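> Requesting a structural model of the entry that follows:
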Amino acid sequence: MKRTLKQYLAVVIKGMGMGAADVVPGVSGGTIAFISGIYEELIDSIKSINLKTLKLLFTFKFKEFATAINFKFLLCIISGIGISILSIANLLKYLLETQPILIWSFFFGLIAASTILIGRKIKSKNIGNLFAIAIGAAIAFYVTSSTPAETPNDWWFIFLSGAIAICAMILPGISGAFILLLLGKYHFIISALSDIKISIIAIFVCGAATGIIAFSNILSWLLKKYHNLTIATLTGFMFGSLNKVWPWKETIETYTNSHGIEKPLIQENILPHTYSTINNTPSQFIWAIILAIVGFLFIWLLESYSKHYTKEEI
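Numbering: from 1, shown residues only. Modelled structure (predicted):
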């Protein structure tokens, strides 16, 4: 598709919207791509990166390669996502460190709404799909309950985290940041982006690039062949993982990192009124509830706008 400079700038802005969405757990960059009208082109462009097109690259046929993969479009998307993520990372790092209850309350509302809306996409509520929801929820709950707050910081796990999380970008409703939360690497990656730790960012990006190329066709096939079962499993997965973002937690065990800073290792969810009065004043509790509702309504309104946009396109 041929575009003018102004149109390519518009694509960069849409990429920035995707990047902003993917940084926040519960908001999907895929949803933003869908709403802004670039979803199908994005999927087709990603799927075009295969052995055939890579052969063009390795034989130095750069022009043919760029044309085959819609390079200008992908470059604009990637640039927009990068600009947005780097600019928002500092703010999120600050909020996570200074106002954890409030920010996790907002995230809880986002993911709760996303879970309901994803579940509504299941066209058939038969026994098989209900079983898939239950299995997905049970696995996610077990993993998030049994896994310590700190997961390995080794290069292979950072690479794996990037490979898995990036797949969420091509699934409307599923957030890459949510996947990082589940893997225990959300705060770690946000800090790396905020502090511009090149080595960590490079490994994560390599994992993301590998993941999206390897899994885009698989995910596309699963959604086409086993749509309801796939969506049902994802719904259960998100529901069972809500305990990961429950705002009120009590630290059971701590550890000291390489910088000599004490951090939580194992945490347990508790009721709001049992939390420390120093960190949880009545006003903060009220604001936490408000932010959870705001997060919930934000996703709901985003979905409503998405449906309205689709109807207009039809």
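> Tell me who's in contact with residue 185.
By C-beta atoms under 8 Å, 6 or more residues apart in numbering, residue 185 lies in contact with 151, 157-158, 161. C-beta here means a position set from N, CA and C on the backbone, and glycine is covered the same way.
> Going by residue numbers, what spans are helices in the chain?
Along the chain, counting by DSSP state H, helices occupy 5-23, 29-35, 39-47, 51-58, 62-68, 71-98, 100-119, 127-146, 155-165, 176-182, 186-194, 198-225, 227-240, 282-313.
> C-alpha coordinates for the fourth one, PDB please?
These are the backbone C-alpha positions of helix 51-58, laid out as PDB (Å, rounded to 0.1, in the frame of the first residue of the first chain):
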ATOM      1  CA  LEU A  51      11.900 -18.200   4.800                       C
ATOM      2  CA  LYS A  52      11.100 -16.900   1.400                       C
ATOM      3  CA  THR A  53      11.400 -13.200   2.300                       C
ATOM      4  CA  LEU A  54      14.400 -13.800   4.500                       C
ATOM      5  CA  LYS A  55      16.100 -15.400   1.600                       C
ATOM      6  CA  LEU A  56      15.800 -12.100  -0.200                       C
ATOM      7  CA  LEU A  57      17.400 -10.300   2.700                       C
ATOM      8  CA  PHE A  58      20.300 -12.800   3.000                       C
END
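> Which residues does it contact?
Contacts of helix 51-58 (C-beta under 8 Å, 6+ apart): 62, 64-65, 68-69.
> Recalculate using a threshold of 10 Å.
Contacts to helix 51-58, defined as C-beta atoms under 10 Å, 6 or more residues apart in numbering, come from residues 49, 61-69, 213.
> List the residues that contact residue 232.
Contacts of residue 232 by C-beta under 10 Å, 6+ apart are 118-119, 121-122, 124-126, 128-136, 226.
> what about residue 3, how many neighbours?
13 (other C-beta atoms under 10 Å).
> Hmm, I typed the wrong one, I wanted residue 106.
27.
> What confidence value was assigned to it?
With respect to pLDDT, residue 106 scores 89.
> I'd assumed residue 96 was in contact with it.
No - with contact defined as C-beta atoms under 10 Å, residue 106 does not reach residue 96; the gap is 11.1 Å.
> Any figure for the gap between residue 301 and residue 295?
11 Å (C-beta to C-beta, to the nearest Å).
> shared neighbours, those two?
residue 113.
> Just want to know which of these two has more residues nearby.
Set side by side, residue 301 and residue 295 show more neighbours around residue 295, with 25 against 11, by other C-beta under 10 Å.
> Residue 119 reaches residue 236, doesn't it?
Yes - between residue 119 and residue 236 there is a contact under C-beta under 10 Å: 8.8 Å.
> who touches both of those two?
129, 133.
> Who has more neighbours out of these two?
The residue with more neighbours, out of residue 119 and residue 236, is residue 236; 26 against 19, by other C-beta under 10 Å.
> Now do the same for the more buried one: its pLDDT.
87.
> got a list of what it touches?
Counting by C-beta under 10 Å, 6+ apart, residue 236 touches 115, 118-119, 129-141.
> Swap in 6 Å and give it another go.
Neighbouring residues of residue 236 by C-beta atoms under 6 Å, 6 or more residues apart in numbering: 133, 136-137.
> State the distance from the residue nearest to it when sequence neighbours are not counted to residue 107.
With C-beta to C-beta, 6 or more residues apart in numbering as the criterion, residue 236 has its nearest non-adjacent residue at 2.6 Å, and that residue is residue 136. Residue 136 is 20 Å from residue 107, where distance means C-beta to C-beta.
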